[in-house]
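Asker: could you look at this predicted model? Sequence included:
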Amino acid sequence: MTASDRSSQQPASRRIADALRASIERGELEAGQKLPSERALAEQYGAARNTAREAIRLLAEQGLVTAKQGRGVFVREPQRLFRFGSDRYSIANRETGLTPFRLEAKKQGKVPRIDVLSITREVPPSDVAERLQVPADSESVVHRENHYFADDEPVQIVSTYLRWEEAEGTLLMQAKSGPNGIYGRLEELGHVMTRVRDEISARMPSPEEARVLDLLPGVPVLEVLHTSLDQNSEPFEVSRYVHRADQTGLLYELPVS
């Protein structure tokens, strides 16, 4: 079977979507340009209007176009990635007084915003309890839930877990935790970060994650389960980062022994 034969057996919506995607890739449809209307696409490709609508939906799922209420459908602007990697917790970066997210936003000329949604004492998830070495059947952790934005666009969700016995009565229970953030306060408690462990996976978002991150249909997330270890190799903080996969890159430089 030839490629032409396979193409002719595809649904009409898929053929239209493929043709439009090829036009975008060749630059014939440029970033920010408005797509023809559903009626115009139906006439151009000899298809029903519902078929043209389905083709546009397929392109939206691929992250190539975006609908603007009352204005139409436009070719999506290229998204510059937020890049986070092995240097995000380096002493040099921390001495700037900016968090890794604020540093990256500054590099891109974007305005960062961090919303502290909640700070609560909780029973930890089992994977967090295992890594933080705390009881999984009691309220042994403080959970800080933060949402991160760049130019008011959601970028990531961060759930940070600390030992309750250490956080109780300290600035770790406050939205504004002081100079150098929570790591400054944890150092005051005797935990100097010397090593980190990041477990990275890709998955589809939960409905709540898709809502908070304003994800297009079909866009996955990158999850980083981060554990901070101190000078005694003791874990003292676990954070679950949920990144938009369409706007996030992870960069790690590791020594080879």
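Answerer: Yep, that arrived.

Asker: ranges for the helices of the stretch 151-257 of the chain?
Answerer: 164-167, 181-188, 207-213 (DSSP state H, counting those that start in this stretch).

Asker: got the buried residues for the shortest one?
Answerer: For helix 164-167, a neighbour-count test (16 or more other C-beta atoms under 10 Å) marks 164, 166-167 as buried. In short, each C-beta sits where N, CA and C put it, glycine included.

Asker: show residues contacting it.
Answerer: 121, 139-142, 172-173, 186, 189, 236 (C-beta atoms under 8 Å, 6 or more residues apart in numbering).

Asker: quick check, Arg49 in contact with Ala40.
Answerer: No. In this structure Arg49 lies outside contact range of Ala40 using C-beta atoms under 8 Å: 9.9 Å.

Asker: next, count neighbours for the closest residue to Ile56 other than its chain neighbours.
Answerer: What sits nearest to Ile56 in space, not counting adjacent residues and going by C-beta to C-beta, 6 or more residues apart in numbering, is Val73, at 5.6 Å. Neighbour count for Val73, taken as other C-beta atoms under 10 Å: 20.

Asker: so what's Val73 bridging to?
Answerer: Beta-bridge pairing of Val73 under DSSP bridges involves Ala67.

Asker: which residues does it contact?
Answerer: 34-35, 56, 60, 65-67.

Asker: how much space separates it from Glu153?
Answerer: Val73 sits 19 Å away from Glu153, taking C-beta to C-beta, to the nearest Å as the criterion.

Asker: try Tyr183
Answerer: For Tyr183, the distance to Glu153 - C-beta to C-beta - is 26 Å.

Asker: which of these two has more neighbours?
Answerer: Legend: neighbour count by other C-beta under 10 Å for Tyr183 and Glu153, higher for Tyr183 (18 against 14).
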